[in-house]
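Engineer: mind folding the following:
(one chain, ligands or ions: 2)
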Amino acid sequence: MSTAEPYLSGLQLAGRRVVVLGGGSVAQRRLPRLLEAGADIRLVSPAVTPAIAELARTRQIVWHRRRYAIGDLAEAWYVLVATDDETSNRAASVEAEANRTFCVRADRADQATAWTPATGQVDGVQVGVLAGGDPRRSRQVRDLLVDRLHRLRRLAA
Ligand SMILES: C[C@@]1(CC(=O)O)C2=NC(=C\c3[nH]c(c(CCC(=O)O)c3CC(=O)O)Cc3[nH]c(c(CC(=O)O)c3CCC(=O)O)/C=C3\N/C(=C\2)[C@@H](CCC(=O)O)[C@]3(C)CC(=O)O)/[C@H]1CCC(=O)O
Ligand SMILES: NC(=O)c1ccc[n+]([C@@H]2O[C@H](COP(=O)([O-])OP(=O)(O)OC[C@H]3O[C@@H](n4cnc5c(N)ncnc54)[C@H](O)[C@@H]3O)[C@@H](O)[C@H]2O)c1
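Structural biologist: Ligands and ions are numbered 1, 2, ... in the order given. This next block holds a predicted model:
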């Protein structure tokens, strides 16, 4: 990956296929935002957390109960790689690159073509913060911004 700055964007994912690999704590944290965006989510993982199993049971996502296989990313507009198996993570990011599909890689920031910002929303205003790969800092800055937006709303009321 280059040392250039990432380009923040507002992806319109409604109805578009997003493939998530892995069903652990990282996937669980990120699925709610993808669902709010209306993404058509396919999740591939041999095991998932109870919260993710519930999303599958209620048909909010489609869960394929198996390991990643080459070809899984064929229809994807966006890919979130979050398994704890480095070999699969690497193979999937190679497949995404060949498909020219942007791909988050939770275990290796330097091998990813997209990063997940810390996000918040107040009154229809979304904030997204990247802090150069330092998630604690992006979370802290997001919390400050969301708090300030809440204060402004109270002052305006
Ligand atoms: C902001 C947030 C968004 C979200 O996830 O929603 C986010 N990580 C969050 C939490 C978090 N991340 C980590 C922990 C474990 C404990 C700790 O270290 O504190 C926790 C805490 C937890 O899990 O509770 C460790 C970690 N993170 C990355 C690596 C790999 C590496 O750096 O190479 C490793 C080491 C993994 C390992 O050791 O194996 C990589 C990335 N994490 C990013 C985003 C992208 C950078 C964005 C930026 O520029 O800031 C980036 C580059 C790529 C990506 O994954 O998209 C969210 C907080 C927001 C919120 O709370 O709302
Ligand atoms: N980027 C971040 O914010 C962040 C935060 C914490 C951890 N991590 C890293 O991200 C990865 C995932 O973390 P986690 O805490 O969600 O792990 P986890 O152990 O909670 O979940 C891993 C998931 O991957 C699944 N899995 C394993 N092999 C697979 C395969 N071949 N194909 C598909 N699914 C497979 C498992 O069944 C499990 O559901 C780890 O490498 C971890 O070090 C990243």
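Engineer: for the closest residue to ligand 2 within the chain, what are phi and psi?
Structural biologist: Residue nearest to ligand 2 within the chain: Gly24 (1.8 Å; CB to the nearest ligand atom). Every C-beta, even on glycine, is put in place using the N, C-alpha and C of the backbone. With angles defined as degrees, to the nearest 10, Gly24 sits at phi -100, psi -150.
Engineer: how about Thr87?
Structural biologist: phi -60, psi -40.
Engineer: do you know the pLDDT at the spatially closest residue to Arg105 that is not a sequence neighbour?
Structural biologist: Distances taken as CB to CB, 6 or more residues apart in numbering place Ala112 nearest to Arg105, at 4.0 Å, with adjacent residues excluded. Looking at Ala112, its pLDDT is 97.
Engineer: correct me, but Ala112 touches Ser93?
Structural biologist: Yes - between Ala112 and Ser93 there is a contact under CB atoms under 8 Å: 7.1 Å.
Engineer: for the two, list the residues in contact with both.
Structural biologist: Val81, Cys103, Arg105 (CB atoms under 8 Å, 6 or more residues apart in numbering).
Engineer: roughly how far apart are the residue of the chain closest to ligand 2 and ligand 1?
Structural biologist: Noted for Gly24: a distance of 10 Å to ligand 1, by CB to the nearest ligand atom, to the nearest Å.
Engineer: having no further points to raise, I will conclude here.
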